[in-house]
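Q: sequence plus the predicted model coming up.
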Amino acid sequence: SQQGEEDPQALSIQEGENATMNCSYKTSINNLQWYRQNSGRGLVHLILIRSNEREKHSGRLRVTLDTSKKSSSLLITASRAADTASYFCGAIGAGSYQLTFGKGTKLSVIP
Amino acid sequence: DAGVIQSPRHEVTEMGQEVTLRCKPISGHDYLFWYRQTMMRGLELLIYFNNNVPIDDSGMPEDRFSAKMPNASFSTLKIQPSEPRDSAVYFCASTPLFGNSGTEAFFGQGTRLTVV
């Protein structure tokens, strides 16, 4: 069964603005990962946050995790046109080795 | 390493024909995953292997779908007979380790399957 569910389904912003995407999951997790997919390509890993972590940064990316609400958010600061892509969260359930995804958030950054 | 390699990149076949998708994981990776992506259903996990052994195939939609991993460097996903509703992009991904140690998954470029 699918774990991660992203919200919103689509997001359109101006270059330079921040983009926030949310993810909810159903059961306890070991870790949660965010991926990016450019049109016609495979998914590329962006950042991983473990269940005992609350926040993580990588360059212009900031990920938060709230295990009590079973939710995570991905913030992209100072967006660029090249950030246009679909973003997926993948959750690994506790005691499981399945990596399951939602339908993703389609981000459009307008130059 | 060249990454996860999938072949073919595109496949067009007629309904009822057998289709075989291929995947070469990154050397040394113990886990291999097959996914199907459609607009309606998103990215669905079909099956995954650990050390060449199928661990969970509960995502395989029907008996028409089968997957094998005869060795650590090769896996196949077969659809027999194929149907138009099988049209999708199929991804293979591999990772060296999962669970608490938490490593990323590496995806191939996908195979776009069209069944007419």
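A: Structure received.
Q: my read: residue A:66 touches residue A:72, true?
A: Yes: using CB atoms under 8 Å, residue A:66 makes contact with residue A:72 at a distance of 7.3 Å. For glycine as for every other residue, the C-beta is placed from the backbone atoms N, C-alpha and C.
Q: so for these two, which sits in the more crowded spot?
A: With neighbours defined as other CB atoms under 10 Å in any protein chain shown, residue A:66 and residue A:72 compare such that residue A:72 has more, 24 against 11.
Q: can you list contacts of the helix or strand containing that one?
A: Assigned by DSSP states H and E, residue A:72 belongs to strand A:71-76. Contacts to strand A:71-76, defined as CB atoms under 8 Å, 6 or more residues apart in numbering or on different chains, come from residues A:18-25, A:32, A:34, A:46-47, A:49, A:60-66, A:83, A:87, A:89, A:107.
Q: any idea which element residue B:91 lies in?
A: strand B:88-95.
Q: quick check: neighbours of that strand in the sheet, parallel or antiparallel?
A: Strand pairing for strand B:88-95, determined by DSSP bridges: strand B:31-38 (antiparallel), strand B:106-107 (antiparallel), strand B:111-115 (antiparallel).
Q: what's the spacing between the residue positioned nearest the centre of chain B and residue A:65?
A: Central residue of chain B (CA atoms, centre = their mean): residue B:34, 2.9 Å from the mean position. According to CB to CB, to the nearest Å, residue B:34 stands 27 Å off from residue A:65.
Q: ok, residue A:55 next?
A: Here the criterion is CB to CB. By it, residue A:55 lies 7 Å from residue A:65.
Q: overlap in contacts, the two.
A: residue A:49.
Q: neighbour-wise, which of those two wins?
A: residue A:65 (22 against 10).
Q: quick one, strands of chain A?
A: A:5-7, A:10-14, A:19-24, A:29-37, A:43-50, A:55-58, A:61-66, A:71-76, A:85-93, A:99-101, A:105-110 (DSSP state E).
Q: can you put the strands paired with strand B:88-95 in TSV and add distance to residue B:70?
A: Formatted as TSV, those follow (distance: least, CB to CB, whole Å):
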stretch	distance to residue B:70
strand B:31-38	12
strand B:106-107	21
strand B:111-115	19
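Q: and those as JSON lines, adding distance to residue B:76 and mean pLDDT?
A: Converted to JSON lines, the strands paired with strand B:88-95 look like this (distance: least, CB to CB, whole Å; pLDDT from 0 to 100):
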{"stretch": "strand B:31-38", "distance to residue B:76": "10", "mean pLDDT": "95"}
{"stretch": "strand B:106-107", "distance to residue B:76": "17", "mean pLDDT": "94"}
{"stretch": "strand B:111-115", "distance to residue B:76": "11", "mean pLDDT": "98"}
